[in-house]
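>>> Kindly generate the corresponding structure for this input.
(chains A and B, ligands or ions: 2)
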Amino acid sequence: MQRREGLAKLTGRERYVDDLPLENFLWGMTVRSPAPRGRITAVRFGNDVDWSEFVIVDHRDIPGPNEILLIERDQPVLAASHVRHVHEAVLLVAHPSREMARRAAQAVEIVVVPEPAALDFRVAPRPEQIQYAADNVLKQLKIEKGDVERALAHAPVVVEGAYETGAQEHVYLETQGMIAWLEEDVLVVKGSMQCPYYVLNALQHALGRDERRVRVIQAPTGGGFGGKEEYPSTIALHAALLALKARRPVKLVYDRSEDMAATTKRHPALVRHRTGLTEDGRLLAQDIEVILDGGAYVTLSPVVLSRGIIHAAGPYACDHVRIAGRAMFSNAVPFGAFRGFGAPQTLFACERHMDVIARTLRMDPVELRRKNLIRDGQRTATGQVIQDGTDRVAVLERALALSTFEEKRRAHTAFNAAQRSKRRGIGLATFYHGAGFTGGGEVHLNSRLRVAGLPDGRIEVLSANIEMGQGTLTVFTQIAAERLGVTPDDVVIGEPDTARVPNSGPTVASRTTMVVGHLIERAVDDLRTRVGLDDRARGSVVKDAIAHWYAAHPGGRLVGEAVYEPPPGISWDEQRYQGDAYGAFAWAAYVAEVEVDLRTCATRVIDFVAVQEVGKVINPTLARGQVQGGVVQGVGWALMEECKFKDGAMVNNQLTNYLIPTSDDVPPIRVAFVENPYPHGAQGAKGLGELPIDGPAPAILNAVAAATGTEPRAIPLTPERLMDLTR
Amino acid sequence: MSTVQVVFTLNGAAVSLDLDPAERLLDTLRYRLGLTGTKEGCGEGECGACTVYLDGLPVNSCLVPTYQVRGARVESVEAIAAERLGPFLAQGATQCGACTPGVVMTALWIGAHPELLETHTIRELMAGNLCRCTGYDGIVDAVSTALGHGEPPV
Ligand code: FES
Ligand code: FES
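Ligands and ions are numbered 1, 2, ... in the order given. The predicted structure is shown next:
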């Protein structure tokens, strides 16, 4: 099936938040902190502005607690007396003219008496820099399996390494934006977001409104990648506060530079490995330390850390594993959800380290992986027994075959000997990604989904899960249509509007197709039962039965429902961090071929092969597109996307100096799927969205290592960084 | 604020507007004329989401003061016939859609000038249109399978 809303997007008819018609509204603007930390002593309004024309909001206008509801409540909606990072929102202004609002925002001076800021998450804070708990540690987590110290002490070979990854900006092409207005007594907020119920909960909390007086609607969303998971609550609150005070609709849409400066990014990370092995390369012990920069508020850092450490040991079997992780407070703009959610950072370290190990042992990195890839019946670091029937070595072999790995390696030896200034290399990463929320997360979410029969026999899917480019509308349509044997035109996907749709959970964590799609299957089954049919009834039989039901029940409403149920046999111990971390893992092997110019130290990816096992592929075009897009985002993170920070804030907050890959920077991404249907996912599907960002960076750096003989350990591997290694 | 009168042809029809000479063509299209198909991705000429044709050539409308198009011919994505877009749908050239109208404008322009492909690759020619979702394969495949016939875009 082709993308449902595709033609609307291609013709420009799709209306994103900034495209929606809005009458008699004000443009909102945000006034932000100039300092990384300090006490606000004054707010000065410039003389050149006629302030009577403006609506102005500060923390005193917040009806409820000045807190953005998330895991913790440490982050204010608007800073009151203290600021903890540059660009922290302090004040809001609104005016009918966007230009006037912009100028006014610039005419406000926030006077801050500076206090000592913590700006390097890698070094222990000095006492005067402590701002969270006793040690600036936002969250600490540990996984232990076996006896690592003993195993390391007896290991014939121990290999150590430290690896660093930088922040990454999402660069969803549509910037963040919200509009807010009042309908009678109901506050309506509509905009670009991944999680309507997160926004709803945040609005209810800080505005002191019950569910009946707030309504959140997702507008078509131009990309998210995690960047529209938690941040939209902030901008929604800001737009709402202005609209409530102005009693007029307010539009708050960031331009690119504000978006890049003020919103979340991928957590920077430092990961240390100490690995014990036999001389022939069997893993005996993995001792891993993971440190993340959380930034100035807790936001989602504890769960990013959780996913990060669970993936840190890689898709390998090892009896003795210790993974200690911590997320550190710093006076940086808070880091947040980004596709992969901690796993790309730790998998980069793990997979780069595997090649370092191979070189230390003078062993083929392919052979090292073949030897250690986890097999059915073996346990992960959290003790989860893997037994999904996937042949992970076969996934690897497929990637080697498609990329002609061995031939290329030989060809490169000849090429590198013949060339003066060019070097070629090929590199590999084998990895996995757990789909859905971690541990008991899905149970805790308790997602609920509804489908409604319509009087003409069609059915409508009512869920809070959103389309942001990844294909939700199309895949949901396919799942419902296939289950009932009807055509895609018989399926309507309802607008994610909290007044109409139940809370089927956030659109994150590669859970939408696998988890929520499975709820659709069960909800349409329920609907079918309610019209007196069993699972064998399909097509027009079902449609007719729905229409008859309405004829027999005038004024009635026919719905089918499903509530999340965990797959049988899953258990998780949150205290000990042991058990089944995920219902399912997707498995992959990626191969990158690079060419390095030794004069400029520029690295170019010249071929890329991505092989993965993601259960059943529901829509091949969409699935391939997800992988290709994720890989290219990974190429950017590996080689060129560098957030430059000053005082904890990004200073290259423009697309002129924060470079993302263009069509000319990347080769065609060759994608292949190995299928092994997962019984508890929709049509056998497992999660796919995040997996493709995990593999490119280590595969590319391993290729650069092979090409140049250096051991790069940090990304982005910019020409400057590589030059330091090669000179 | 002093305004000037600007007369130009937009999607085949004459328009006459009084506006601030500094107003961007992108804003004129979107906020004054309600043609929201043209998108803003960066506002500084980097992303191509705002691509329109000015006298038949693709330009970034975020960099063009509307005053500058007086007497000229402007076409926006709203002028593109939907029938032309089948290959883009089939190849997965759009995901979130925020880059898409700009991509369509550039791609159809390449299609109208197949001689460009003698000296440039599609990847080079599309490099002014950033896309964060597709990884570009869907876009490049759509251009290469469907275009190159020399048909004018509008
Ligand atoms: S908005 Fe014009 S080039 Fe990006
Ligand atoms: S489709 Fe989302 S940026 Fe291109």
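>>> Is there any residue in stretch A:99-113 that contacts chain B?
No. Figure legend: stretch A:99-113 not in contact with chain B (CB under 8 Å from any CB of the partner chain); closest approach 8.7 Å. Where you see a C-beta, it was placed from the backbone N, CA and C, and this is true even at glycine.
>>> buried stuff in that stretch?
A:100-105, A:107-108, A:110, A:112 (16 or more other CB atoms under 10 Å in any protein chain shown).
>>> same thing with stretch A:446-455?
Neighbour-count burial for stretch A:446-455 [16+ other CB under 10 Å]: A:447-454.
>>> ok now stretch A:286-304, how far from the chain's centre?
Stretch A:286-304 has its C-alpha centroid displaced from the chain centroid by 14 Å (CA atoms, centre = their mean, to the nearest Å).
>>> Put the alpha carbons of it into CSV.
This file holds the C-alpha atoms of stretch A:286-304, laid out as CSV (Å, rounded to 0.1, in the frame of the first residue of the first chain):
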residue,chain,number,x,y,z
GLN,A,286,32.7,-7.2,30.1
ASP,A,287,33.1,-4.4,32.5
ILE,A,288,31.4,-1.3,31.2
GLU,A,289,31.0,2.2,32.5
VAL,A,290,28.5,4.6,30.9
ILE,A,291,28.3,8.3,31.6
LEU,A,292,25.7,10.5,30.0
ASP,A,293,25.4,14.3,30.0
GLY,A,294,21.9,14.9,31.2
GLY,A,295,21.9,18.7,31.1
ALA,A,296,20.1,21.0,33.6
TYR,A,297,17.0,19.0,34.4
VAL,A,298,16.1,15.4,34.8
THR,A,299,13.7,15.2,31.8
LEU,A,300,14.0,11.7,30.3
SER,A,301,17.7,11.0,31.2
PRO,A,302,16.9,8.1,33.6
VAL,A,303,15.2,6.1,30.9
VAL,A,304,17.7,7.1,28.3
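>>> returning to what we had before: rebuild the buried residues of stretch A:99-113 as a markdown table, extending it with secondary structure.
Putting the buried residues of stretch A:99-113 into a markdown table (DSSP: H, G, I helix; E, B strand; the rest coil) gives the following:
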| residue | secondary structure |
| --- | --- |
| A:100 | helix |
| A:101 | helix |
| A:102 | helix |
| A:103 | helix |
| A:104 | helix |
| A:105 | helix |
| A:107 | coil |
| A:108 | strand |
| A:110 | strand |
| A:112 | strand |
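>>> and the buried residues of stretch A:446-455 as a markdown table, adding pLDDT?
Shown next, in a markdown table, are the buried residues of stretch A:446-455 (pLDDT from 0 to 100):
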| residue | pLDDT |
| --- | --- |
| A:447 | 97 |
| A:448 | 97 |
| A:449 | 98 |
| A:450 | 98 |
| A:451 | 98 |
| A:452 | 98 |
| A:453 | 98 |
| A:454 | 98 |
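>>> out of those, which are inside strands?
Counting by DSSP state E, the part of these found in strands is A:448-453.
>>> Could you export those as TSV, including distance to ligand 1?
Output for these, formatted as TSV (distance: CB to the nearest ligand atom, whole Å):
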residue	distance to ligand 1
A:448	40
A:449	38
A:450	39
A:451	40
A:452	40
A:453	44
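>>> of the residues you listed, closest to residue A:281?
residue A:449 (47.0 Å; CB to CB).
>>> how much space between the closest one and chain B?
Using CB to the nearest CB, to the nearest Å, residue A:449 is found at 23 Å from chain B.
>>> That residue: what's it in contact with?
For residue A:449, the contact set (CB atoms under 8 Å, 6 or more residues apart in numbering or on different chains) comprises A:461-463, A:502, A:504, A:516, A:519-520, A:523, A:561-563.
>>> try 10 Å this time
By CB atoms under 10 Å, 6 or more residues apart in numbering or on different chains, the contact list for residue A:449 reads A:461-465, A:476, A:501-505, A:515-524, A:526, A:560-564.
>>> just checking, which of the residues you listed belong to strands?
Per DSSP E, those map to strands at A:461-462, A:560-563.
>>> Any chance of the residues you listed in a markdown table with pLDDT, distance to residue A:179 and neighbour count as columns?
Below are those laid out as a markdown table (pLDDT from 0 to 100; distance: CB to CB, whole Å; neighbours: other CB atoms under 10 Å in any protein chain shown):
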| residue | pLDDT | distance to residue A:179 | neighbour count |
| --- | --- | --- | --- |
| A:461 | 98 | 25 | 26 |
| A:462 | 98 | 23 | 23 |
| A:560 | 98 | 33 | 21 |
| A:561 | 98 | 31 | 17 |
| A:562 | 98 | 32 | 23 |
| A:563 | 98 | 32 | 13 |
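>>> Would you mind checking which of those is nearest to chain B?
Nearest to chain B among the ones in strands among the contacts of residue A:449, counting by CB to the nearest CB, is residue A:461 at 20.3 Å.
>>> Could you give the bridge partners of that closest one?
With DSSP bridges as the criterion, residue A:461 is bridged to residue A:451, residue A:493.
>>> now the residue nearest to residue B:60 when sequence neighbours are not counted, what's its secondary structure?
With CB to CB, 6 or more residues apart in numbering or on different chains as the criterion, residue B:60 has its nearest non-adjacent residue at 4.7 Å, and that residue is residue B:45. At residue B:45 the chain is in coil, as set by three-state DSSP.
>>> ok, back up a step: generate a PyMOL selection restricted to the buried subset of the contacts of residue A:449.
Of the contacts of residue A:449, the buried ones go into a single PyMOL selection, burial set by 16+ other CB under 10 Å:
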select buried, chain A and resi 461+462+463+464+465+476+501+502+503+504+505+515+516+517+518+519+520+521+522+523+524+526+560+561+562+564
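>>> so who does residue 34 touch?
Looking at chain A here, since you left the chain open. Shown in contact with residue A:34 (CB under 10 Å, 6+ apart): A:83, A:86-88, A:90, A:109-112, A:114, A:647, A:649.
>>> Let me rephrase: I mean chain B.
A:19, A:21, B:78 are the contacts of residue B:34 under CB under 10 Å, 6+ apart.
>>> contacting residues around the last one?
If I follow you right, that is residue B:78. A:11-13, B:10-11, B:29, B:33-38, B:52, B:101, B:154.
>>> how about a cut-off of 6 Å?
Counting by CB atoms under 6 Å, 6 or more residues apart in numbering or on different chains, residue B:78 makes contact with B:11, B:35, B:37.
>>> Show me which pair in the ones in strands among the contacts of residue A:449 is furthest apart.
Between all members of these, the farthest pair (by CB to CB) comes out as A:461 and A:563, at 15.4 Å.
>>> Setting aside sequence neighbours, what's the nearest residue to the residue in chain A that ligand 1 sits nearest to?
Nearest residue of chain A to ligand 1, counting by CB to the nearest ligand atom: residue A:655, 7.1 Å away. Leaving aside its sequence neighbours, residue A:655 sits nearest to residue B:46 (CB to CB, 6+ apart; 3.9 Å).
>>> what about the one you found, how many residues close to it?
By other CB atoms under 10 Å in any protein chain shown, 22 other residues sit near residue B:46.
>>> Over to residue A:13?
Count around residue A:13 with other CB under 10 Å applied: 17.
>>> Which residues of chain B lie near chain A?
Counting by CB under 6 Å from any CB of the partner chain, the residues of chain B close to chain A are B:36-37, B:41-43, B:46-47, B:77, B:82, B:85, B:88-89, B:92, B:94-101, B:104, B:123-124, B:126-127, B:132-138.
>>> Give me the longest helix you can find in chain A.
Longest helix in chain A by number of residues (criterion: DSSP state H): helix A:620-639.
>>> sorry, back to before: and ligand 2, which of the contacts of residue B:34 reach it?
Among the contacts of residue B:34, not one lies near ligand 2 by CB under 6 Å from any ligand atom.
>>> tell me which of the residues you listed is nearest to ligand 2?
Looking across the contacts of residue B:34 and measuring by CB to the nearest ligand atom, the closest to ligand 2 is residue A:19, at 15.1 Å.
>>> who's in contact with the closest one?
Residues near residue A:19 by CB under 6 Å, 6+ apart: residue B:36.
>>> ok, 10 Å please
A:12-13, A:174, A:177, A:219-220, B:30, B:34-39.
>>> Now narrow those residues to whatever sits close to ligand 2.
Applying CB under 6 Å from any ligand atom to the contacts of residue A:19, one finds that nothing falls near ligand 2.
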